[in-house]
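Asker: Sequence unavailable; structure follows:
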């Protein structure tokens, strides 16, 4: 029975690698991120371009659940946060091979005399922060990208590969399109000026910028949240629609926007050479991807709002695989998870991986009994779940014996593994593109992970949310354009 059970886990993972659709995430997954959403990293995506493998796509979504119609300030990246994509290489200790660091800078409006009517639009006297994107004197945000190459003996080489890159603005509405972004003339006699949005994919694509030295391209700004999940059901202790006759899955992120950082990296620049044995998996082409957020250790708050941050950087958030902190780590340790690194996961959190809490809870609720699962199988699902670690380490993905990552402190941890020599397919990377339909991820990662964690792959489980609320783009940066604040927010007409 144990052999069958764990073979099922591998089979489930291989189904994903083949592109079969069956989504998970960390939206507000820990006490700290509830109170400090600016460093809430909801999802991480990483994959290589099919066949050629010459591009590595790295995406991170930050600060989820943006209400499109929430007002003129919107939600921006935080200037006091250091955002980092960490890349490990090989099957050894999960030390950084290359790190991409991003810092954001918000430029305040240029103050003007409130009585000066020579500037009818723009400047510090304006109510709307977005009046400034097209060159008036409003608020703008830019970012800088630094590539850190790690050598032997803790040697580091830092190179700025993106300077003062513009952040794409939010999608407020048709008047903003015309006044702030310069997308067509505003004509009060033309109803389209008040109803027709000009915020197009082509406009958003103008914020895709080349990186220096041929490193690749970058984009940052607000997008539709590309993740879909019946979170209401998941966090009622997996009260999935299958356990509620007549119920259907509900995507709770439908219609919400999110901040997105997207990098397109030339793999030859990342590795320093072309990919060896391209097309065949191996330990030397195995990457581990995770994203972190850090703040300065000390902060001084001032009455005039001119706060200051000082001291070394302290990590306050991280994300690798979906559903790890939200679905495996106990609440008592979720903040600790955010402030530690994958290198220490075995030492800190091994019992959570080997003895999944969700299995215990489902047994308590009688879910396994309702599915006629033998008690002997339930007992095996509760303890010594090295099969979960084998899936994380891609032991038999995309083929039997493809990789040999030791299950030991330092080498095994919550990283999204990507073998750049082979086509990506979750859990070998996590592509947005390549699903069975334009609004589906390559794999429904939440269904896959719930199935692996709770049944070892033997019993397919699903949250019932099977597609995103918008089709994905087929080109960089892949996530769909943001929902319009004026017409696509969640508000509704009032009743008498």
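Answerer: That came through fine. As the structure is a prediction and not an experimental result, all values here were calculated from the model. Residues are numbered from 1 along each chain as shown.

Asker: Just confirm residue 217 is within a helix.
Answerer: No: counting by DSSP: H, G, I helix; E, B strand; the rest coil, residue 217 is not found in a helix; it is strand.

Asker: so who does it touch?
Answerer: Contacts for residue 217 were tallied using CB atoms under 8 Å, 6 or more residues apart in numbering; they are 208-211, 263-264, 476. In short, each C-beta sits where N, CA and C put it, glycine included.

Asker: Is the closest residue to it other than its chain neighbours bridged to anything, and to what?
Answerer: Distance criterion CB to CB, 6 or more residues apart in numbering; nearest residue to residue 217, sequence neighbours excluded, is residue 264 at 4.4 Å. Beta-bridge partners recorded for residue 264 (DSSP bridges): residue 57, residue 217.

Asker: Please tell me how far residue 264 sits from residue 55.
Answerer: 6 Å (CB to CB, to the nearest Å).

Asker: Identify the contacts common to those two.
Answerer: Any residue near both residue 264 and residue 55 by CB under 8 Å, 6+ apart counts here, and that gives residue 216.

Asker: Low-confidence ranges, this structure, go.
Answerer: The model of the chain has pLDDT under 70 over residues 1-35, 71-74, 117-123, 130-138.

Asker: Farthest from the middle of it: give me that residue.
Answerer: Here the chain reaches farthest from its C-alpha mean at residue 115, the gap being 45.2 Å by CA atoms, centre = their mean.

Asker: host element of that residue?
Answerer: Using DSSP states H and E, residue 115 maps to neither a helix nor a strand.

Asker: List the contacts of the residue nearest to residue 217.
Answerer: Residues counted as contacts of residue 264 (CB under 8 Å, 6+ apart) are 55-57, 216-218, 476.

Asker: quick one: it from residue 471, how far?
Answerer: 20 Å.

Asker: do the same with residue 320
Answerer: As defined by CB to CB, residue 320 lies at a distance of 27 Å from residue 471.

Asker: Have a look at the two and say which one is more surrounded.
Answerer: For residue 320 versus residue 471, neighbours defined as other CB atoms under 10 Å are more numerous around residue 320 (26 against 14).

Asker: in terms of contact, does that one touch residue 44 like I think?
Answerer: Yes: counting by CB atoms under 8 Å, residue 320 touches residue 44, with 6.2 Å between them.

Asker: shared neighbours of these two, which are they?
Answerer: Common contacts of residue 320 and residue 44 (CB under 8 Å, 6+ apart): 289-291, 416.

Asker: So which of those is the closest to residue 400?
Answerer: Distance ranking of those against residue 400, using CB to CB, places residue 416 first at 21.4 Å.

Asker: Give me the phi and psi for the residue farthest from the centre of the chain.
Answerer: Backbone torsions of residue 115, given as degrees, to the nearest 10, read phi -90, psi 0.

Asker: Kindly report the same for residue 44.
Answerer: Torsion angles at residue 44 (phi, psi; degrees, to the nearest 10) stand at phi -130, psi 130.

Asker: Same question for stretch 370-378: list its buried residues.
Answerer: 373, 377-378 (16 or more other CB atoms under 10 Å).

Asker: brain fart, stretch 107-120
Answerer: By neighbour count with 16+ other CB under 10 Å, stretch 107-120 contains the buried residues residue 109.

Asker: longest strand anywhere in the protein?
Answerer: strand 286-300 (DSSP state E).

Asker: Which neighbours in the sheet does whichever helix or strand comes after that strand have, and how are they oriented?
Answerer: Where DSSP H and E defines the elements, the next helix or strand beyond strand 286-300 is strand 308-319. Using DSSP bridges, strand 308-319 pairs in its sheet with strand 286-300 (antiparallel).

Asker: my guess is residue 340 meets residue 346, correct?
Answerer: No: using CB under 8 Å, residue 340 is not in contact with residue 346, being 11.2 Å away.

Asker: JSON lines for the buried residues of stretch 370-378, including distance to residue 464 and secondary structure?
Answerer: As requested, the buried residues of stretch 370-378 are arranged in JSON lines below (distance: CB to CB, whole Å; DSSP: H, G, I helix; E, B strand; the rest coil):
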{"residue": "373", "distance to residue 464": "20", "secondary structure": "coil"}
{"residue": "377", "distance to residue 464": "24", "secondary structure": "helix"}
{"residue": "378", "distance to residue 464": "23", "secondary structure": "helix"}
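
Asker: so which of these comes closest to residue 82?
Answerer: Checking the buried residues of stretch 370-378 one by one against residue 82 (CB to CB), the nearest turns out to be residue 378, at 44.0 Å.

Asker: From residue 437, how far out is that closest one?
Answerer: For residue 378, the distance to residue 437 equals 35 Å [CB to CB].

Asker: what's residue 408 in contact with, if anything?
Answerer: Contacts of residue 408 were listed using CB under 8 Å, 6+ apart, and they are residue 346.

Asker: In the stretch 351-496 of the chain, mark out all the helices, start to finish.
Answerer: 357-364, 367-370, 375-382, 386-392, 445-455, 485-488 (DSSP state H, counting those that start in this stretch).

Asker: all helices of the stretch 151-300 of the chain, in order?
Answerer: Using DSSP H, counting those that start in this stretch, helices in the stretch 151-300 of the chain cover 174-179, 192-195, 201-205, 231-234, 267-271.

Asker: so what secondary structure elements neighbour the third one?
Answerer: Secondary-structure packing of helix 201-205 (3 or more CB pairs under 8 Å, 6 or more residues apart in numbering; DSSP states H and E): no helix or strand packs against it.
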